[in-house]
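Student: Generate coordinates for the sequence data below:
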Amino acid sequence: MNITSQQNKATGELVDLVAAKVGSNRAIHPETAISTSARLAGSLLLRSFNFQLERLTPGSVLLSDEANEKGPILINTLAAFLSASNISLDQAKLGGQQDQRGQEPQLDILNALSKLQEEAIKTCVENGLTMEQAAQSAALATAFIVKECAPQIGAEIGFNVAVYGFIEGSKTVPPIVATMPKSPASAKPWYKFWQ
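Tutor: Residues are numbered from 1 along each chain as shown. Below you'll find the predicted structure:
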């Protein structure tokens, strides 16, 4: 897992953002915090595909080969962080069934993204990240939240909630961002002058 220092910095800022926006007096509902962070990661990944999202209805499903190809990066980031943190997962408890995902998150995807996306995108752009790097930082933030919540809900439930959130975020049209800042990759001109 190649994570830059800028991604690490953004990860910490994203964890703080989730805690501030989703928590109440330093208390958070684990499944809500995990799903919100994971949905953000998936949504940032979706934005990296440069689809014309502003032309689509927020909340509608957007299936793409790109999400199927790049989505595993988020899951691998989560798994690698948990493994490096000595959090072992019981493979028999992993899966997508509702009973393996704990309690229902207290926010739906559009409300969750509305609380976070503008500040999260701004944070990632200020740290010089592309949207794909931002998605990986948000996946790391999700992994950190899973680790912190594992004693309350179990690592497997946290993992399952995160994976479902990654998928949901990468395949759902997000709310419109008032002013989308330019990421470093999109700020570069398509031409190059010879020296």
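Student: how about the helices of the protein, start to end?
Tutor: 5-22, 30-48, 65-84, 109-126, 131-153, 155-170, 184-187 (DSSP state H).
Student: Those: which one's closest to Val177?
Tutor: Counting by Cβ to Cβ, Val177 lies closest to helix 109-126 out of these; the figure is 5.7 Å. Just so you know, the C-beta spots here come from the backbone N, C-alpha and C atoms, and that holds for glycine as well.
Student: Tell me which residues of that closest one come out buried.
Tutor: Neighbour counts using 16 or more other Cβ atoms under 10 Å place 109, 112-118, 120-121, 123-125 of helix 109-126 among the buried residues.
Student: so which of the residues you listed comes closest to Gln136?
Tutor: Taking Cβ to Cβ as the measure, Gln136 lies nearest Cys124 of the buried residues of helix 109-126, at 10.1 Å.
Student: could I have stretch 107-114 exported to PDB, CA atoms only?
Tutor: The C-alpha coordinates for stretch 107-114 follow below in PDB (Å, rounded to 0.1, in the frame of the first residue of the first chain):
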ATOM      1  CA  LEU A 107     -28.100   8.400   7.900                       C
ATOM      2  CA  ASP A 108     -29.000   7.500   4.400                       C
ATOM      3  CA  ILE A 109     -26.400   8.000   1.700                       C
ATOM      4  CA  LEU A 110     -27.500  11.400   0.500                       C
ATOM      5  CA  ASN A 111     -27.700  12.800   4.000                       C
ATOM      6  CA  ALA A 112     -24.400  11.300   4.900                       C
ATOM      7  CA  LEU A 113     -22.600  12.700   1.800                       C
ATOM      8  CA  SER A 114     -24.300  16.100   2.300                       C
END
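Student: residue contacts, the residue lying closest to Glu132 once chain neighbours are set aside?
Tutor: Nearest in space to Glu132, with sequence neighbours left out and distances taken as Cβ to Cβ, 6 or more residues apart in numbering, is Ser48 at 4.2 Å. For Ser48, the set of contacting residues under the criterion of Cβ atoms under 8 Å, 6 or more residues apart in numbering consists of Lys70, Thr130, Met131, Glu132, Ala134, Ala135.
Student: distance of Ser48 from Ile145?
Tutor: 22 Å (Cβ to Cβ, to the nearest Å).
Student: Which pLDDT value belongs to the residue nearest the centre of the chain?
Tutor: For the chain, Ala41 is the residue whose C-alpha lies nearest the centre (Cα atoms, centre = their mean; 1.5 Å). Turning to Ala41, the model gives it a pLDDT of 98.
Student: ok, Glu54 - how many residues close by?
Tutor: Residues lying near Glu54 (other Cβ atoms under 10 Å) number 10.
Student: Gly165 now?
Tutor: When neighbours are counted by other Cβ under 10 Å, Gly165 registers 28.
Student: ok, it touching Ser43?
Tutor: No: between Gly165 and Ser43 there is no contact, the gap being 9.6 Å when judged by Cβ atoms under 8 Å.
Student: OK, contacts around Leu89?
Tutor: Leu89 sits next to Ala79, Leu82, Ala155, Glu156, Phe159 when contact means Cβ under 8 Å, 6+ apart.
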